[in-house]
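Participant: One predicted model, sequence on top.
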Amino acid sequence: MKYMDEYRDADAARRCADQIRRLVTKPWKIMEICGGQTHAIMKFGLDEMLPKNITLIHGPGCPVCVTPVELINKAIEIASRPDVIFCSFGDMLRVPGTHRDLFSVKAAGGDVRIVYSPIDAVALARQNPDKQVVFFAVGFETTAPANAMAVYEAHKEKLANFSILVSHVLVPPAIEAILSSPTNQVQGFLAAGHVCAVMGYTEYEPIANKYRVPIVVTGFEPLDILHGVYMCLKQLEEGRAEVENPYARCVRREGNVQAQKLIRDIFCVVPRKWRGIGEIPQSGLGLREPYRSFDAETRFGVAGYTVEESSECISGIILQGIKKPVECPAFGTKCTPEHPLGATMVSSEGACAAYYRYRKIKRDT
Amino acid sequence: MNPANDFALQCPLPLRDYPVITMAHGGGGLLQHKLLENLFWPAFQNPLLAEEHDGAVAVLGDKPLAFTTDSYVVRPLFFPGGNIGTLAINGTVNDLCMCGARPKYLSAGFILEEGVSMETLWRIVQSMKSAAEESNVQIVTGDIKVVDKGKGDELYINTAGIGVVEAQALSPSRVQPGDAILLSGDVGRHGVAIMAVREGLDFETTIESDCAPLVEPVMKLIGSGVEVHCMRDLTRGGMATTLAEIARKSGFRIHIEEKAVSVAEGVRGACEMLGLDPLYVANEGRFVAFVAARDADRALSVLRSEPSCADASLCGSVLAENNPIVTLKNNIGSTRILDMLMGEQLPRIC
């Protein structure tokens, strides 16, 4: 398939891996931010193509993993109401709140629907004027423009029965949080290509400067990732710390200006709680004043909910790259996608789930 | 942020043992398997059920007969490449074929929702008639029930079928190390076709379901004298789930080559977009056959001589390794495990 097979070519991948091998003179640790990249790395076995002294650390770029439990509880509370049609992307339905998940709400008679775009939820609001339609607006900068567009349209049409439960998070504050942690081990980053397609990469430039880390805008196909790793290692070996963009077929330095304007018009930057990490200042998006009436938390009176999270699982240590999923004593035994102990095992994009699903057979076949 | 609490990422124990039935229990994955294992199989236990096959084979008098049943609740009722009626006939016919049986008689039970249009019902019944004729089966008994408006999704169909077994016993327990695995054609079309209509996804070309009867290719394969050990159609849960079930039951490792698994371009595109793996997407006219290694090439040419299986391939083999897993060698040269999913695949956020 065009624009896909070219980037999954086995010979080209091997050549790229050879180049990396020739380049590297010492051990390095690189973090890929995005869960989608983690999955591609595991699915295609890219980590095994790299020299042994190169470690890929799997970052917190999975929206499901970082959405706090209390927000899931709020979603469940709202979705359980008889007057509500609750719309969500598919993979949020299996994420557990304190007592149950959205699948259980559906089984108990709640009107919970999987949609593919927030605009579909706006259409549902139009078609069901006697119902409250709520969209679960989670994700990084990637999903923000579509969610902003949904609010914009609902506002334009004066759809009083539409609202969103917002849990948007931003990548740059997460990178800064990782870099300023005293136990940080990450020496270079692969920035998430689709986030940069929206936001551009100017906001990474001050981070690269301040912390002296290379940041390489990277796509999602095997060759994209290997090439991103190569460029990142090249900077590390040469002692440079810049933002580079080998994913130019999708990303421009300034990003998608129109999408950014839409995000700015509808949302403002707010502090956000990240699952397991706690609150990071200026790390998320919330609805701006003229649109605040579309905020489901206020509309349904669930804004005050908080939940204390316990800490049995070591996924925090995994996200810092101090340990790999397979080094966790619970991995694959006590903790599986069927019996997950942590968020990273719940989501299809979580690092532990990726390791589990795509764990490789050492033996040659 | 308190530095001591940095990255204490965790989450509470997700639900596995739901106190009620959820949609995931019908997804053909682990949750459904657990439901069978913990609730149904212990209650109904008997040697025929324990085979965990698509149908049961019992000897009555001197004839081995295959018996199977399936219910059809597909939404929308009509989709490119078929409708609930063609599915109801072909699905049950195919389950009989997978037992090595020539399908003979079917029953059809209809649960109709008050208000469903007579024309809809007529069109579906006419398709069932044609599908039955195509596979040379007769619908010899049936039932109609009507439920209140809002208590059903227009209509549901259950069919059961009986066939006469013409092959040696086919079962996952007969799968042996060295067996070659044949795949009857491209995978993933039915699931994507349904999803595209259900969700109003427009692709440049319409993706048609692969819904089709398997009588001809299967009977030809059996009649050719090829030593077949096991056959399975790749319905709910797709190729990966089917193979995972066979590996579990046989006790041997199954190894598949991704380059031998064909996926139509439109299906690949849709799956990429939705974050789905075509290996886990349902089919309604595809099957795998485990045959003795020495017969592999002959079996392949027999299958390919059938127009519906022209793209059949040798997609893998059974390894002499007592490890009941399925592994896939991908095009880039690495190998990964194909596990059973919890329930249905869920489209990803981004």
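Facilitator: Yep, it's here.
Participant: Phi first, then psi, for the residue lying closest to A:V84 once chain neighbours are set aside.
Facilitator: Nearest residue to A:V84, sequence neighbours excluded (CB to CB, 6 or more residues apart in numbering or on different chains): A:Q132, at 4.9 Å. C-beta here means a position set from N, CA and C on the backbone, and glycine is covered the same way. Note on A:Q132: its backbone torsions stand at phi -90, psi 120 [degrees, to the nearest 10].
Participant: Wait, A:Q132 touches A:F86, no?
Facilitator: No. Taking contacts as CB atoms under 8 Å, A:Q132 lies outside contact range of A:F86: 9.0 Å.
Participant: more neighbours, these two?
Facilitator: A:F86 (26 against 19; other CB atoms under 10 Å in any protein chain shown).
Participant: since we're on A:T333, how many residues are nearby?
Facilitator: A:T333: 9 surrounding residues under other CB under 10 Å.
Participant: would you say it is within a strand?
Facilitator: No. Per DSSP: H, G, I helix; E, B strand; the rest coil, A:T333 lies outside any strand segment and is coil.
Participant: Contacts only, for it.
Facilitator: Not one residue lies near A:T333 by CB atoms under 8 Å, 6 or more residues apart in numbering or on different chains.
Participant: So it versus A:M149, what's the distance?
Facilitator: For A:T333, the distance to A:M149 equals 45 Å [CB to CB, to the nearest Å].
Participant: cool, and A:I317?
Facilitator: Distance of A:I317 to A:M149, given as CB to CB: 38 Å.
Participant: Name the helix or strand for residue 74, please.
Facilitator: Just going to use chain A. helix A:69-79 (DSSP states H and E).
Participant: what's that helix packed up against?
Facilitator: strand A:84-88, helix A:102-107, strand A:132-139, strand A:162-169, helix A:296-299 (3 or more CB pairs under 8 Å, 6 or more residues apart in numbering or on different chains; DSSP states H and E).
Participant: I'd like the mean pLDDT over it, please.
Facilitator: The average pLDDT for helix A:69-79 rounds to 93.
Participant: Show the low-confidence segments of the chain, by residue range.
Facilitator: Since you didn't name a chain, this refers to chain A. Within chain A, the set of residues satisfying pLDDT under 70 comprises A:1, A:276, A:308-312, A:316, A:319-321, A:338-343, A:346-349, A:359-365.
Participant: could you do chain B instead?
Facilitator: Where chain B drops to pLDDT under 70, the residues are B:1-17, B:204, B:346-350.
Participant: Grab the most central residue of it for me.
Facilitator: B:T235 (1.5 Å; CA atoms, centre = their mean).
Participant: Now do the domain split for chain B, please.
Facilitator: B:55-165, B:172-338 (automatic domain parsing).
Participant: okay, the ones you listed, which one's buried deepest?
Facilitator: Of all the domains of chain B, domain B:172-338 carries the top mean neighbour count, a mean of 20, counting by mean count of other CB atoms under 10 Å in any protein chain shown.
Participant: wait, does that domain contact chain A?
Facilitator: Yes. Residues of domain B:172-338 contacting chain A under CB under 8 Å from any CB of the partner chain: B:199, B:201, B:255, B:265, B:268-269, B:272, B:274-275, B:319, B:327, B:329-337.
Participant: Among the residues you listed, which lie within helices?
Facilitator: Among the residues of domain B:172-338 next to chain A, the members found in helices (DSSP state H) are B:E265, B:R268, B:G269, B:E272, B:L274.
Participant: Is B:D54 in a helix, a strand, or coil?
Facilitator: Look at B:D54: counting by three-state DSSP, its state is coil.
Participant: what's the closest residue to A:V195 other than its chain neighbours in contact with, if anything?
Facilitator: Nearest residue to A:V195 in three dimensions, chain neighbours excluded: A:E141, at 4.7 Å (CB to CB, 6+ apart). A:E141 sits next to A:H168, A:L170, A:V171, A:V195, A:V198, A:M199, A:I263 when contact means CB under 8 Å, 6+ apart.
Participant: try 6 Å
Facilitator: A:E141 makes contacts with A:V195, A:V198, A:M199, as judged by CB atoms under 6 Å, 6 or more residues apart in numbering or on different chains.
Participant: try A:A197
Facilitator: Applying CB under 6 Å, 6+ apart to A:A197 gives the contacts A:C250, A:V251.
Participant: Now with 7 Å, please.
Facilitator: By CB atoms under 7 Å, 6 or more residues apart in numbering or on different chains, the contact set of A:A197 is A:C250, A:V251, A:G255, A:N256.
Participant: Repeat that for A:C16.
Facilitator: A:C16 is in contact with A:L223, A:L226, A:H227, A:Y230, counting by CB under 7 Å, 6+ apart.
Participant: which phi and psi does the third one have?
Facilitator: Same thing as A:H227. phi -70, psi -40.
Participant: mind listing the strands in the stretch 1-150 of chain B by residue range?
Facilitator: For the stretch 1-150 of chain B, the strands defined by DSSP state E, counting those that start in this stretch occupy B:56-60, B:63-72, B:78-79, B:82-83, B:101-113, B:138-147.
Participant: State the helix or strand in which B:S301 lies.
Facilitator: Per DSSP H and E: helix B:296-304 holds B:S301.
Participant: Touching that helix from outside, list them.
Facilitator: Helix B:296-304 is contacted by residues B:180, B:182, B:184, B:217, B:220-221, B:224, B:226, B:289, B:291, B:309-310, B:312, B:314 when judged by CB under 7 Å, 6+ apart.
Participant: which of those lies closest to A:E48?
Facilitator: Closest approach to A:E48 among those (CB to CB): B:L314, at 26.5 Å.
Participant: Provide the backbone phi and psi angles at the closest one.
Facilitator: As for B:L314, its main-chain torsions (degrees, to the nearest 10) stand at phi -90, psi 110.
Participant: gap between it and chain A?
Facilitator: B:L314 is 16 Å from chain A, where distance means CB to the nearest CB, to the nearest Å.
Participant: How about B:K34?
Facilitator: Counting by CB to the nearest CB, the gap from B:K34 to chain A is 9 Å.
Participant: Pull the distance from the helix holding A:K74 to the chain's centre.
Facilitator: The chain centre lies 19 Å from the centre of helix A:69-79; the measure is CA atoms, centre = their mean, to the nearest Å.
Participant: Could you export the contacts of A:E141 as JSON lines, including distance to B:L303 and neighbour count?
Facilitator: As requested, these are exported to JSON lines (distance: CB to CB, whole Å; neighbours: other CB atoms under 10 Å in any protein chain shown):
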{"residue": "A:V195", "distance to B:L303": "46", "neighbour count": "27"}
{"residue": "A:V198", "distance to B:L303": "48", "neighbour count": "21"}
{"residue": "A:M199", "distance to B:L303": "51", "neighbour count": "27"}
